[in-house]
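A.B. asks: Next one to model:
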Amino acid sequence: MQQHDIAWVRTDMTLAQPAPNSEVGILAWMRKNLFATRADMLLTVVAVIIAAWALPQILSWLFFNAVWVGTDRTACLTIEQGGQLPAGWSAACWPFVSNRFGYFMFGRYPLEERWRVILAGAIFVGLLVPLLIPRAPLKRANAILFFGIYPFIAFVLLVGGVFGLPYVETPLWGGLMVTLVLAYVGIVVSLPLGIVLALGRRSRMPTIKLLSVIFIETVRGVPLVTVLFMAAFMLPLFVPPGTTFDKLLRALIGVALFSSAYMAEVVRGGLQAMPKGQYEGADSLGLSYWQKTGLIIMPQALKLVIPGIVNSFIGLFKDTTLVLVISMFDLLGIVKQGISGDANWATPQTARTGYVFAAVIFWIFCFGMSRYSQYVERRLETGHGR
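C.D. replies: So this is what the prediction gives:
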């Protein structure tokens, strides 16, 4: 039987075929994320039922039945209370927020000088946004401006007393302005100080290690309220007579030190998670301790603990509300003061509206930090992803 050597070789690539309909689209996403198992289906049904019951009531209270226009409390009162709204009305009183918006943002900062706060905020955003964009140029110069020079610019703008700017004492500060100042200083100071403390706790020098352990465990063993009281009322007792510290400065010191102790433990967790081979490889290259730590170990350790670092930042941002105990008014404190101290807006719905407004502002900032941290994790995920 005669055989023929016949071969066929493809000379062009096969055209890409579309993905199966079962693997793309909204139905595929729902099947994968909402109805993958019986437990998922049960939880999805329960969640839909709860949302169908609660969401209309929430939207009705926030938007559909809410009052949007008014000049005083009468806009948010029912007929029984002396107003014109239907009996039994219960919804948000947004005229209160719009009327007191400037107070919630700046506190008692002089009205004619608020442009300085707005300018400081604009510079802050202008420096922060390029720093968060991976491909933005001049990263090093941007970081130097944001972390090294901007604090002095903000201090001059907010405090004044130089360059013809009127002096504004910090007891007049309040609202979101104080919240952002406390959070910014706490974050900028706590991360590098936490790294130093984490390295000190792992140091082979007994004195450095003992001092780091004492500081971390002492600060972590007391609540932030105690630290703020110490900074506000006891710190002046340890300085020479006649020496005074601004109350805001004392709060900044207390918040930064408190946060740095927790940050140190987060960073130490990343250092302990590093494989021993990384240290040995760095030693084999003849690197010094600081070269090994700064170029090899610390970048990898910080990448591992990004969720913990951002969690500490979010906790710090929310903990700024505790400065109310030392008579400083952050966003939540100023909202509470505006609710209880303004008879022109004393209605049953005013307090709820004010607190919802403060909650939304806090949620926006915390959610933004959380989402950006997830983006950074995905971008840096090289060998530890699952």
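
A.B. asks: CA only for contacts and neighbour counts going forward, please
C.D. replies: OK.

A.B. asks: Gly286: what's it in contact with?
C.D. replies: For Gly286, no contacting residues are found, by Cα atoms under 8 Å, 6 or more residues apart in numbering.

A.B. asks: now do Lys318
C.D. replies: Here Lys318 is in contact with Phe362 (Cα under 8 Å, 6+ apart).

A.B. asks: for Cys366, same thing?
C.D. replies: Here Cys366 is in contact with 314, 317 (Cα under 8 Å, 6+ apart).

A.B. asks: same deal with Glu23?
C.D. replies: Contacts for Glu23 (Cα under 8 Å, 6+ apart) come out as Trp29.

A.B. asks: pLDDT wise, what is it at?
C.D. replies: You'll see Glu23 listed with a pLDDT of 74.

A.B. asks: Please renumber the chain so that the first residue is 891 from this point on.
C.D. replies: Will do, 891 is the new start, and the previous item becomes Glu913.

A.B. asks: Tabulate the CA atom coordinates of stretch 919-938 in CSV.
C.D. replies: Taking C-alpha atoms only, stretch 919-938 is exported to CSV below (Å, rounded to 0.1, in the frame of the first residue of the first chain):
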residue,chain,number,x,y,z
TRP,A,919,-21.3,38.2,37.0
MET,A,920,-24.5,37.6,39.0
ARG,A,921,-24.1,33.8,38.7
LYS,A,922,-20.5,34.0,39.8
ASN,A,923,-20.8,36.5,42.7
LEU,A,924,-24.4,36.2,43.9
PHE,A,925,-25.7,32.7,43.0
ALA,A,926,-22.6,30.6,43.0
THR,A,927,-23.7,28.3,45.8
ARG,A,928,-26.9,27.7,47.8
ALA,A,929,-25.6,29.8,50.6
ASP,A,930,-24.8,32.7,48.2
MET,A,931,-28.4,32.5,46.8
LEU,A,932,-29.9,32.6,50.3
LEU,A,933,-27.8,35.5,51.4
THR,A,934,-28.6,37.4,48.1
VAL,A,935,-32.3,36.9,48.6
VAL,A,936,-32.1,38.0,52.2
ALA,A,937,-30.1,41.1,51.2
VAL,A,938,-32.6,42.0,48.5
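
A.B. asks: For it, give me every contacting residue.
C.D. replies: For stretch 919-938, using Cα under 8 Å, 6+ apart, the contacting residues are Glu913.

A.B. asks: ok, 10 Å please
C.D. replies: Contact with stretch 919-938 is made by 912-913, 916-918, 939-944, as judged by Cα atoms under 10 Å, 6 or more residues apart in numbering.

A.B. asks: any idea of the mean pLDDT in it?
C.D. replies: Per-residue pLDDT over stretch 919-938 has a mean of 87.

A.B. asks: Show me what counts as buried in it.
C.D. replies: Neighbour counts over stretch 919-938 (16 or more other Cα atoms under 10 Å) mark 924-925, 934 as buried.

A.B. asks: Same list (the contacts of stretch 919-938) but as JSON lines, adding distance to Asp930.
C.D. replies: Output for the contacts of stretch 919-938, formatted as JSON lines (distance: Cα to Cα, whole Å):
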{"residue": "Ser912", "distance to Asp930": "18"}
{"residue": "Glu913", "distance to Asp930": "18"}
{"residue": "Ile916", "distance to Asp930": "17"}
{"residue": "Leu917", "distance to Asp930": "15"}
{"residue": "Ala918", "distance to Asp930": "14"}
{"residue": "Ile939", "distance to Asp930": "14"}
{"residue": "Ile940", "distance to Asp930": "15"}
{"residue": "Ala941", "distance to Asp930": "16"}
{"residue": "Ala942", "distance to Asp930": "18"}
{"residue": "Trp943", "distance to Asp930": "20"}
{"residue": "Ala944", "distance to Asp930": "21"}
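
A.B. asks: picking that back up, now, which of the buried residues of stretch 919-938 sits nearest Val1078?
C.D. replies: Leu924 (40.1 Å; Cα to Cα).

A.B. asks: ok, the closest one to Ile1229 distance?
C.D. replies: Distance from Leu924 to Ile1229, counting by Cα to Cα, to the nearest Å: 42 Å.

A.B. asks: right, and Thr1060 touches Met1218 too?
C.D. replies: Yes. Contact status for Thr1060 versus Met1218: in contact at 9.3 Å, counting by Cα atoms under 10 Å.

A.B. asks: out of those two, which sits in the busier spot?
C.D. replies: Between Thr1060 and Met1218, Met1218 has the larger neighbour count (other Cα atoms under 10 Å), namely 23 against 17.
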